[in-house]
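Peer 1: need a 3D model of the following:
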Amino acid sequence: MAVVSTADAGLRAVARGATVLQLRAPSSSAATLEREADRLVASSPVPVLVSARCDVAIASAAAGVNLPEHDISVADARTLVGARLVGRSVHSLEAAQEAAAQGADFVIFGPIWRSPSHPHAEGVGLGALRDIVGALPRTPVIAIGGVTEERAGEVLDAGAAGYAAITMFK
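Peer 2: A predicted model of the protein is given here:
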């Protein structure tokens, strides 16, 4: 999964191997985000998720939404987006279990290592990732935070279903 802020960045990420795109532009207006989502959904050969905006995911016909940990509940998002994918970014075992119990299709967990995108967060490490994966046998866990081409194999070996990256796909 590549986390991108524009449609152009998304298409570059797909060219580099991304199999899912998450459009995340927290400082953009809803109108700007919707325009980018429309462009990306129309041109992307892979599924597109919108970060934190169920309304934009619906309006752009995106494959789903990924919710920040302290956003609306997974259950409420499911009511809004229906059969689309609903994921939750989490930073603890408790939050991961809550997301899974509410029916999240996947969780994004991290940061595994320190990351420029979250400079004030310490990496939790591969042991914490293994704990989350073990606690959620029916919910795919996507690792995020400091994942590089060299480290991607480590998160997969720890049981992650995949990984999300921002800088790796730039």
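
Peer 1: how about the helices of this structure, start to end?
Peer 2: For the chain, the helices defined by DSSP state H occupy 7-15, 30-43, 54-59, 74-81, 93-101, 125-135, 152-157.

Peer 1: pipe those helices into a markdown table and attach distance to I144, mean neighbour count and mean pLDDT per row.
Peer 2: For every residue, glycine as well, the C-beta is placed using N, CA and C. Converted to a markdown table, the helices of the chain look like this (distance: least, Cβ to Cβ, whole Å; neighbours: other Cβ atoms under 10 Å; pLDDT from 0 to 100):
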| stretch | distance to I144 | mean neighbour count | mean pLDDT |
| --- | --- | --- | --- |
| helix 7-15 | 14 | 19 | 94 |
| helix 30-43 | 19 | 17 | 97 |
| helix 54-59 | 19 | 20 | 98 |
| helix 74-81 | 18 | 17 | 97 |
| helix 93-101 | 13 | 18 | 97 |
| helix 125-135 | 10 | 17 | 98 |
| helix 152-157 | 9 | 16 | 96 |
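
Peer 1: of all these, which lies closest to P111?
Peer 2: helix 125-135 (9.7 Å; Cβ to Cβ).

Peer 1: any idea which strand is longest in this protein?
Peer 2: The residue-count maximum for a strand in the chain (DSSP state E) belongs to strand 85-90.

Peer 1: sounds good, over and out.
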